[in-house]
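Asks: predicted coordinates and the sequence they were generated for:
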Amino acid sequence: MTAIREMYARWAAGDMGEADQWGDVTAEPRGLDYAEVSAGGVPAMWLSPHGVGPDRVIVALHGGGFVSGSLYSHRKMYGHLAKAAGVRVLLATYRRAPEFRFPAQIEDAVTVYRWAAARTQTVALAGDSSGGGLAVQVALREPGAAALLLLSPWIDMDPAQAATSYEENAATDLFFTRPMVQGLIAQYLPEGESGLAPEVNAFHADLSALPPIYVQCGSEESGRGDSERLAKLTGARLDVFDGQLHTFQMAAGRASVADEAIGRLAAWVRPQLGL
């Protein structure tokens, strides 16, 4: 059993471990400098590969269902991406639910994007899981991003969660069940806010002005339906990795399939950034 599969099995059994232990499955990429910064008042962290210039940046938004995840749980995975792409990454966090509900998370992500865009020439957006959905929301609100890199993005905020991938992958994805995701939506959206509103759910927005998109997901994750739906609506490149679970790229440096995925993301985004 892989480290990712073991982690989700443990979570499904109710053992979530210590805060930020999610990042334990990722190897240290090395060859990077880390520097925490306030990006317009939002906590963020520069992940800077040695010898890389300042003109191009990937703004990355971590996952965690809007209730968990941090700069520290995700710095190594996005550090691998920064190193492979030869580009600085500005990894950002945001206010969490349920203490802070929609649209606080989108407001923080937009603030970070504007802060980065004012300090460099070209910006791409990246995100995993809920961070992927935030990246799409930023691109819808702030035209000008060079590209979107989405790792198992969670887009659909419809409380019904009608994707058939929940049933298709019920035997392999033990943690991200339909009731679990519905519970996250209940914590994220204020009472009375519709999960079908375009400003909440990008599947109901006009996606025609989005930049080029590259989506990755695992064939055995329940959230695969969101990745396939987004690719169908936008014409995005979609790579489905056989036998993999949600955000399997977190095993970068420890699993060859994660390294292959990071390498594909890097090779795709470099020309989008003019490299």
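Replies: Looks like it came in fine.
Asks: when you work out contacts or count neighbours from here on, use the C-alpha atoms and nothing else.
Replies: Will do.
Asks: and residue 5, how many neighbours?
Replies: Residue 5 sits with 18 neighbouring residues when counted by other Cα atoms under 10 Å.
Asks: sorry, that was for residue 115
Replies: 16.
Asks: residues contacting it?
Replies: Going by Cα atoms under 8 Å, 6 or more residues apart in numbering, residue 115 touches 39-40.
Asks: toward the C-terminus from the helix or strand it falls within, list the very next helix or strand.
Replies: For residue 115, the element it lies in under DSSP states H and E is helix 104-117. Heading C-terminal from helix 104-117, the first helix or strand you meet, by DSSP H and E, is strand 122-128.
Asks: give the buried residues for the helix holding residue 115.
Replies: By 16 or more other Cα atoms under 10 Å, the buried positions in helix 104-117 come out as 104-113, 115-117.
Asks: could you check how far residue 234 is from residue 144?
Replies: If you measure residue 234 against residue 144 using Cα to Cα, to the nearest Å, the figure is 17 Å.
Asks: how about residue 245, secondary structure?
Replies: At residue 245 the chain is in coil, as set by DSSP: H, G, I helix; E, B strand; the rest coil.
Asks: please list all residues in contact with the residue lying closest to residue 3 once chain neighbours are set aside.
Replies: Take residue 3 and drop its neighbours on the chain: the residue closest to it by Cα to Cα, 6 or more residues apart in numbering is residue 25, 6.3 Å away. Contact analysis of residue 25 by Cα under 8 Å, 6+ apart lists 3-4, 250-252, 254.
Asks: cool, residue 175 as well?
Replies: By Cα under 8 Å, 6+ apart, residue 175 lies in contact with 8-9, 11-12.
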